[in-house]
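Q: Next come a sequence and a model predicted from it.
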Amino acid sequence: MKLLIPFLLLAHSASAQLRLVALPGKSPLVTFRIVLTSGSEVDPADKPGLAYLTAMLLANGGTREMTYQQLTAAMFPMAASVSAQVDQEMCTFAGVTHVDNLAEYYKLLRAMLLDPGWREDDFSRVKEDAINNLKVGLRGNNDEELAKEVLYQNIFRDTPYGHYPGGSVTSLEKITLDDVKLFYRAQYSQSNVILGIAGGYPETFPDTMKKDFRKLPEGAGFRPRPKPPSFIESTRVVIVDKDTRSVAYSLGFPLAVTRKHPDYPALLLAASYLGQHRMGGVLYDELREKRGLNYGDYAYIEHFPQGMFLMEPAPNLARRYQIFQLWIRPVEPPTAKFALRLALYELDKLIKGGIPEDAFARTRDFLMKYVNVLTRTKRAELGYAIDSVYYAMPNYNEYLKTALAKLTRDEVNRAIQRNLRASRLVIVAVSKDGEELKRLLAGDDPSSIAYNSPKPAAVMEEDQIAGKWPLHLRPEDIQVVPVRQVFQ
Amino acid sequence: MRPKLLVSGFLAAAAFAVPAFAAQPQKIFPYPYTQEDLPNGLRLITVPTDYPNIVAAYIVVQAGSRNEVEPGHTGFAHLFEHLMFKGTEKFPAAKYNDTLRRIGAASNAFTNDDYTCFYTTFSKEDLGAVLLMEADRFQNLKYSEPEFKTETLAVLGEYNKNSSSPFRKLQEALFDTAFDRSTYKHTTMGFLKDIQDMPNQYEYSLKFFERYYRPEYTTILVVGDVKTRATREMVDKYWGSWKRGGYKPEIPVEPPQTEPRAGHVDWPTPTLPILTIAFKAPAYDDATRESAALDALADLAFSDNSDLYQKVVVTEQKAAALSGGLSDHVDPSLFQITARVRKLDDLDYVRDRILDAIRGFQDKPVDAARLDTVRKQLRYSMALRMDSSDAIAGVLANYVALRRTPETLNRQFEQYARLTPEDVQNVAARYLVEAGRTIVTLTGPAPVGAATVTRPWRARERFRRRTASGGAR
């Protein structure tokens, strides 16, 4: 029960006024990111999804003066729109316009956020979309995203992070337009907003924005803080049972290391060594390249929603508590247990043996340059700059390059030992015949694997070891949930 | 081209010194570029941009699933995209990957109906290293049969990860139903049975490389913080000795469709019903206004600013999503309208409103002011897409795949500028016709206890069975 958790109220300092990040440039495009530093974690316990519905209504509803239809018609010739992203601690409204249309676009954006229309027909459309996002989008269309979101929810069970930002079907069904208006009034305050603008805007433009957003109430300057993430005493498995071709896994545990923590650069390096989306790495090499088990396998030290569609996590998902996660892309059912064992075996090998010297140097060099690629668009640069304001840390690029340059292999290995583990995990699998997978995972039988081509002796030998990697799972540690009950 | 002028215009935009971009008769592509052919037929396009430090190298091979002309070998263009990462004697896969990591590059590839594209984004000082390694793998790729077999499993893994999306299945069924002989009959992933047989096709894979990984099929795009001359010198050095090939595929010509077709996909898990209505449409063409008029029609009739969208999505809320259009293709393809409907009972209603909307555009010319709005939208939409060097390269890759030159983009927008309301009416009347139509629906299982659902559209349309939609499970 979330309500029973004592919230610590943290007073923001006097500097917690309306904050603004401006990155002038010579591009003819102007990028906006307006971030509310309050999100799903403040959803009332009986109304998960309220922050989400509020943000979606602002981004997809009319203003007091214009219906949604009129707003769409006004945006259309500019090829412009406003998108919303909702996470536990942030709601982000983003858009881009050509500088030709800056005044007109900004007028619409401002009205959407500061002077919303609160129409019932907009609300019912947005609410229906939110429900379908759960019923169809998450449950039905995308096993990997489903596994990830069930993992994120489960890792933080019994904390304010312990629900999907998009809510649950029963909760969304009962949320009213009045709930949304109340939430808006309570949370959308000056002290909860970071304004961001980048590109070829006129010099005085940021001041205009600040002046406009001072129309929001000043705000109490208080925010709830989640208790430390729940301690996972022993590995627990959630199998989401649905009719699907293959088995999609996501697994991990809570991590107290955020971007500003001294161990962050070392753990980022460790995760990069294990492998990240489309970048290769140990997991990718061992599971996919050598054994053809699936399409890819990656590790992250930050929450990564929408991973199916993105090469790297989007900015403005800042959190006070993060997670370590392994993402094993769908595997054929006969190799499901072996793939899980092999991934954990590789993680365990890293923890016990540390990162090899040559791999350490290579990965460090990669990250020092890759950070430029990561922030190559104004959109990303602005997003990372806003995150740095939130975390109260220096510019991400400079900070990371400086920290990586000083980092030693020993420091990385010590950080790995302090923070990573291959036990006491939450493991989520999306699979058909959930009970069958449960029986398989709970048994101690070695997992064997047959290949369609000869493998080097080293691979075969390692298979023998990985195939016996102890999962230590009892039937009572494994819960099989029909997909229709997930996010219900 | 007006390179210098446009560059200064680009800078001045920030100071509000230039007239509105959308009103300008200037070319849509604002960057100066050079386009050069090596004696072996390889084409190099270099585009210096204002974005500092970063360079994007996009290598376009004009071979996609369209080129898979032999039965049993669908999906090979995509498989080959994977195989290109298997390494050479000089740069075995591990060394290739280590080098990319050392230089901090983001690198990947994708395949679609008409082409395969290999792309790398990196710091400007590493251009030489990237061009050297890319030249090596395009000329000296080497992989063993066991490596080949393992990679075919990764492709099956990719099929598996995609297979939980009903939209993927719907596309498979649509293309299989709508086409008889065109290689667009199969999706880029290929038929599942062919993917499952890939491990046995090592010899064929070597043939595929021999045929298509040749300079005359290949265009290198180098976009970003680069110098044109130095880039050409590096390309000459590393790619100059690549041998021209001689293979020209005979792509089957699709016979004219003479009657409407229909199909249905039963999806095993709950989903909103999806409806797609597709019409046979011409290949990309910028010598006439037809392709441009079909793009404008898509915006006018099916964008979120269209009357139809506002009616069925916003006001009546019968559909959760609606979109439509024709993507640029080398061969005749499909103009496709897709709607996700909120209730099964409304499937026919939404279908009929789409067909009504089409008739409206056939019956009378669209308002000229609305067409102007669409033109403006198309120009700004393109401008907003070009927000980094790799985004610019990505935009150009698509046009290079069609006509091998960035000028294609300019020509397309010149045709948008010339469009008349009658052009839009004409293409609606010529192409969005019953004889060229295919309707495919996808629905989930009926709720427990629900009455049997009748599907009247099945009775009215000729129902064709497809192997792809049944074979996947």
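A: Everything's here; your move.
Q: hey, let's count contacts and neighbours off CA atoms from now on
A: Noted.
Q: And what about the residue of the stretch 201-350 of chain B found nearest chain A, helix, strand or coil?
A: Closest contact between the stretch 201-350 of chain B and chain A, by CA to the nearest CA, is at residue B:271 (5.1 Å). Reducing the assignment to helix, strand or coil with DSSP: H, G, I helix; E, B strand; the rest coil, the entry for residue B:271 is coil.
Q: Is it in contact with residue A:134, as I believe?
A: No: the pair residue B:271 and residue A:134 fails to qualify as a contact (CA atoms under 8 Å) at a distance of 10.5 Å.
Q: Around chain B, which positions in the stretch 201-350 of chain A sit nearby?
A: Taking CA under 8 Å from any CA of the partner chain as the measure of proximity, the stretch 201-350 of chain A contacts chain B at A:201-202, A:242-246, A:278-280, A:288-295, A:329-332.
Q: Filter those down to the ones in strands?
A: Secondary structure assignment (DSSP state E) places A:329, A:330, A:331 from these within strands.
Q: So residue B:113 sits against residue B:66, correct?
A: Yes: using CA under 8 Å, residue B:113 makes contact with residue B:66 at a distance of 5.3 Å.
Q: hang on, the earlier thing: just the buried ones among the residues of the stretch 201-350 of chain A next to chain B, please.
A: Neighbour counting over these (16 or more other CA atoms under 10 Å in any protein chain shown) leaves A:201, A:242-246, A:278-280, A:288-295, A:329-332 as the buried ones.
Q: Just the residues you listed: which are in helices?
A: Assignment to helices by DSSP state H places none of those there.
Q: Tell me which helix or strand residue B:136 sits in.
A: Secondary structure from DSSP states H and E places residue B:136 in helix B:127-140.
Q: Would that helix count as contacting chain A?
A: No: on the criterion CA under 8 Å from any CA, helix B:127-140 is out of touch with chain A, staying 13.8 Å away.
Q: Okay, buried residues for that helix please.
A: For helix B:127-140, burial by neighbour count (16+ other CA under 10 Å) applies to B:127, B:128, B:130, B:131, B:133, B:134, B:135, B:136, B:137, B:138, B:139.
Q: Let's see the helix or strand encompassing residue A:197 as CSV, backbone CA atoms only.
A: Secondary-structure element containing residue A:197, defined by DSSP H and E: strand A:193-199. Once non-C-alpha atoms are left out, strand A:193-199 reads as follows in CSV (Å, rounded to 0.1, in the frame of the first residue of the first chain):
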residue,chain,number,x,y,z
VAL,A,193,9.1,23.8,-14.1
ILE,A,194,12.3,23.9,-16.1
LEU,A,195,11.9,25.8,-19.4
GLY,A,196,14.3,24.7,-22.2
ILE,A,197,14.9,26.4,-25.6
ALA,A,198,17.6,25.8,-28.2
GLY,A,199,18.4,27.0,-31.7
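Q: If we ignore the residues flanking it in sequence, what's nearest residue 322?
A: I'll assume chain A. The shortest distance from residue A:322 to any non-neighbouring residue, by CA to CA, 6 or more residues apart in numbering or on different chains, is to residue A:255 (4.9 Å).
Q: Wait, chain B was what I had in mind.
A: Closest residue to residue B:322 in three dimensions, ignoring its sequence neighbours and counting by CA to CA, 6+ apart: residue B:339, at 4.4 Å.
Q: Who does residue B:223 form a beta bridge with?
A: residue B:47, residue B:56 (DSSP bridges).
Q: so it makes contact with residue B:390?
A: Yes: between residue B:223 and residue B:390 there is a contact at 7.1 Å, judged by CA under 8 Å.
Q: Give me the common contacts of the two.
A: B:55, B:56, B:57 (CA atoms under 8 Å, 6 or more residues apart in numbering or on different chains).
Q: Quick check: residue A:430 vs chain B, distance?
A: From residue A:430 across to chain B, the span is 11 Å (CA to the nearest CA, to the nearest Å).
Q: same check, this time on residue A:131
A: Using CA to the nearest CA, we find residue A:131 at a distance of 11 Å from chain B.
Q: Now name the helix or strand holding that residue.
A: Counting by DSSP H and E, the element that carries residue A:131 is helix A:120-132.
Q: tell me the domain ranges of chain B?
A: Domain segmentation of chain B under automatic domain parsing yields B:31-239, B:261-471.
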